[in-house]
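Student: Give me a model of this one.
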Amino acid sequence: MDPPLSLHSGHLPILQLPNGVLQHGVTRWLSLSDCATLAIASKELKLVVEVALKARKRWHSSDRHEVSHMKASRLFKFLARHSPNLTHITCCFAADRLYGGSLLESSLSSLAASTANLTHLTLLNVDVTDVVLQALAKHCLGLQHVAIGRTENNAFGNFVSDEGLAALAVACRGLRSLYLFRCYSCSDAGLRELVAQGRQLTRLVLHSCPQVTTSGLVSFLEASTSLQELDILLPESGSGGTAVNFETCFALAANCSDLRVLRLSEELVAGSVLDDSCLTLVARGCNKLQELELVQIEVSDAFLTTLASHCTSLTSLRLEQTYVGDEGVHRVLAACPHLQNLRVAGCSPHTWMLPAEFMFPGLSISGFSRMSQLAISNPAFGARLTDLDLSCLALEPLEATEAAAAASVGSSGLLPAIGSSVALATHAAAAIASAAAANATISSVAQATQQSAFDIQSAAAAAAAPQLILPIAWCNRLTSLSLDWLKVDGQPLQIPLENTLSHCNNLSRLSLVGYQGNVDRLLASVAAAGGSKQASGLRQLNLQHSQITDQGLAAVVKAFPQLSALYLGYCRNVGDQGLMQLLGMKGLVRLDLFNTPCVSAGAVADLARQLTSLQRLYISHNTSALHRSPATATAMGYINGGCSGSRYSNSNSSVWSAVNEAVAARPGPRLTVLCCNLSQESEFEKRTLSSLMSQHGDE
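Tutor: Numbers count the residues shown, from 1 in each chain. Below is the predicted model:
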């Protein structure tokens, strides 16, 4: 999708363009506000705009700024009047600023009456009512996709009920995709009406819909043999019945053999309901699965073993806060040659601080080593991985890791990725001593000595080669890499990590949240090894909770000037000098300074005023709370703000006052300033929304 074209740039000779070219540009690139600006410039341009708007087929808006219901009403009336041929409407406003009312309801009903060709409708954080759905059912008989509701837990309620769903089910015979986000009045009756009218949905998304229970979902699944995607975020405990359990999984496995995508999350539920027995049924019955995501569900390696045996077409596997470990993940990587996206995350971002008995297993450091060995012996092992996220590695003593590596060398002859020289030398000495102690013959001693010499040579070669924590073949393919909270028994893997990242020349996204090693040196070595190819490709860098300093930020600006997103939340060693270095990033769109205590309010305000490319800034009341030299704050604990659940400020905070004044005075695009802790937002729902907006956005 091409970026929006703004008339404020003033570098295009618009009036000299042919009408056909101009109409195409207006249709494809210009926002509605720019169209209005263009229309009042002259009568000729007004005519061009009217023709272009009438020909427009798609309209997309993800406006996260403050939007009143009056402005939204005018917007929908404008579309109803000037764009009657729309087939796709995608709208997502900020969740806590848009309210309903008769005026908004009237505007949406007018839009429905004017767009008879509408096939795809997404209205998120817009209070769609049953009256609006009934108008859609009356005028837009070709609807295939509907997405409605609220996208945040603290959002105001939605007024859609089973009556509105029933109207869609009766009239829209081609309905194939339904998304319901926090539609608290939609229940089993609405799903049963879809079944009664013979609607064969291929995609169903239910996020925090507490009135949908096991009974209604089972009835729906038993009649939905064409279902290909199921995405469910279970509601909070106590807010309603549990929709997904063993009975639901049985119905899914028995009736939905064509299922391609399954995403389940119990992150809002106090106690997990699903386990190995439930998901094993699904793996056996839905063997065409290509994407699987499970969040806070108690599955273990036993389930992954079944998954590897039956679902060999997997392309994406995301397991967050589960009980899986090394063995299960290795089995999946070996059995699923098409796997491109792998995420295995532990229980908490601070698990490296906790005793091992309180952690979810996840992958371990020895598992890393074993993974590298398997990739060397089996070229198909993870051969297509491009997106890798291995976070919160389980802790284990470094001595145990080396002992396991030495044992694996003796049994398989493969070289471990870390500590290989120590392991091989130990193995060689043990082989000689074993032969001599057993009073072996001269030939057997000679044979052992010869083998040991070979092992010692291999050890020397391994010691000379750079140590890596991932197979080098993977490094060359990866476009996204997350190694969050990477720590081994209190000692960061500095050198192997530097070597690994220096081989990842195609990365567009890198996350090292919580890395406690020398981030400055790490970034410097990566930039030196990656060269212009890596610098031109990296777009997102997440260093939250890390030890990066002003010097490290200077290296980032110099090495990666094309960054569009930089996350520095909770970085206590970043001060004003480093912050002002970011003015060199002319393409920076998103910056996270949430609870970054050692930057001053003035520096944040200056950055917001001068960096005109910036569109979203995350801060808190504790940003600049400890404004002092970063060196004096390293021994202080993390600053936990009491306002992380709120998106907007109160006027008593100095940083808020300074930033708001700067935002009001700056030229260029609007800057949204949010008090929002990104690490506390649901990644599960973010991915659902991202997929939704990308599928049904503008061409």
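
Student: hey, where'd the helices end up in the stretch 1-150 of the chain?
Tutor: Assigned by DSSP state H, counting those that start in this stretch, the helices in the stretch 1-150 of the chain fall at 19-28, 32-39, 43-55, 69-82, 102-114, 130-139.

Student: Please name the nearest non-neighbouring residue to residue 580.
Tutor: Nearest in space to residue 580, with sequence neighbours left out and distances taken as C-beta to C-beta, 6 or more residues apart in numbering, is residue 603 at 6.2 Å. Where you see a C-beta, it was placed from the backbone N, CA and C, and this is true even at glycine.

Student: quick one, which of the helices of the stretch 1-150 of the chain is nearest to residue 149?
Tutor: helix 130-139 (12.2 Å; C-beta to C-beta).

Student: And for that closest one, what's in contact with it?
Tutor: 105, 108-109, 112-113, 115-116, 118, 121, 143, 146, 159-161, 163-165, 167-168, 170-172 (C-beta atoms under 8 Å, 6 or more residues apart in numbering).

Student: Let's see which of these end up in strands.
Tutor: Assignment to strands by DSSP state E places the following of the contacts of helix 130-139 there: 121, 146.

Student: Check the contacts of helix 130-139 for burial and list the buried ones.
Tutor: The neighbour-count criterion (16 or more other C-beta atoms under 10 Å) marks 105, 108-109, 112, 115, 118, 121, 143, 146, 159-161, 163-165, 167-168, 171-172 among the contacts of helix 130-139 as buried.

Student: Can you add distance to residue 320 and mean pLDDT and give the helices of the stretch 1-150 of the chain back as JSON lines?
Tutor: Putting the helices of the stretch 1-150 of the chain into JSON lines (distance: least, C-beta to C-beta, whole Å; pLDDT from 0 to 100) gives the following:
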{"stretch": "helix 19-28", "distance to residue 320": "38", "mean pLDDT": "58"}
{"stretch": "helix 32-39", "distance to residue 320": "38", "mean pLDDT": "65"}
{"stretch": "helix 43-55", "distance to residue 320": "44", "mean pLDDT": "77"}
{"stretch": "helix 69-82", "distance to residue 320": "35", "mean pLDDT": "86"}
{"stretch": "helix 102-114", "distance to residue 320": "36", "mean pLDDT": "92"}
{"stretch": "helix 130-139", "distance to residue 320": "34", "mean pLDDT": "96"}
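
Student: In three-state terms, how would the residue nearest to residue 580 be classified?
Tutor: With DSSP: H, G, I helix; E, B strand; the rest coil as the basis, the three-state label of residue 603 is helix.

Student: how near is it to residue 609?
Tutor: In this structure, residue 603 lies at 11 Å from residue 609, with C-beta to C-beta, to the nearest Å as the measure.

Student: What of residue 136?
Tutor: 44 Å.

Student: Where does the prediction get shaky in the stretch 301-450 of the chain?
Tutor: 347-362, 393-450 (pLDDT under 70).

Student: For residue 630, report the pLDDT, please.
Tutor: At residue 630, the pLDDT value in this model is 49.

Student: and residue 167, what pLDDT?
Tutor: According to the model's per-residue confidence, residue 167 sits at a pLDDT of 96.

Student: and the nearest residue to it once chain neighbours are set aside, how many neighbours does it have?
Tutor: Closest residue in space to residue 167, ignoring its immediate chain neighbours: residue 137 at 4.0 Å, by C-beta to C-beta, 6+ apart. When neighbours are defined as other C-beta atoms under 10 Å, residue 137 has 21 of them.

Student: Now do the helices in the stretch 151-300 of the chain.
Tutor: With helices called from DSSP H, counting those that start in this stretch, the stretch 151-300 of the chain shows them at 162-171, 188-196, 214-223, 246-255, 276-285.

Student: okay if I get the ones you listed as JSON lines plus distance to residue 543?
Tutor: Written out in JSON lines, the entries for the helices of the stretch 151-300 of the chain read as follows (distance: least, C-beta to C-beta, whole Å):
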{"stretch": "helix 162-171", "distance to residue 543": "45"}
{"stretch": "helix 188-196", "distance to residue 543": "44"}
{"stretch": "helix 214-223", "distance to residue 543": "42"}
{"stretch": "helix 246-255", "distance to residue 543": "40"}
{"stretch": "helix 276-285", "distance to residue 543": "35"}
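
Student: and of those helices, who's closest to residue 581?
Tutor: Going through the helices of the stretch 151-300 of the chain one by one, with C-beta to C-beta as the measure, helix 276-285 comes closest at 47.8 Å.

Student: so what secondary structure elements neighbour that closest one?
Tutor: Based on contacts counted as 3 or more C-beta pairs under 8 Å, 6 or more residues apart in numbering; DSSP states H and E, the elements that helix 276-285 packs against are helix 246-255, helix 301-310.

Student: again, 10 Å this time
Tutor: Counting contacts by 3 or more C-beta pairs under 10 Å, 6 or more residues apart in numbering; DSSP states H and E, the secondary-structure elements packed against helix 276-285 are helix 246-255, strand 261-265, strand 291-295, helix 301-310.

Student: Adding distance to residue 565 and mean neighbour count as columns, could you present those in TSV?
Tutor: Compiled in TSV, the helices and strands packed on helix 276-285 are given as follows (distance: least, C-beta to C-beta, whole Å; neighbours: other C-beta atoms under 10 Å):
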stretch	distance to residue 565	mean neighbour count
helix 246-255	37	19
strand 261-265	24	22
strand 291-295	22	22
helix 301-310	32	20
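
Student: Output those as JSON lines; include the columns distance to residue 218.
Tutor: What follows is those, written out as JSON lines (distance: least, C-beta to C-beta, whole Å):
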{"stretch": "helix 246-255", "distance to residue 218": "5"}
{"stretch": "strand 261-265", "distance to residue 218": "15"}
{"stretch": "strand 291-295", "distance to residue 218": "20"}
{"stretch": "helix 301-310", "distance to residue 218": "21"}
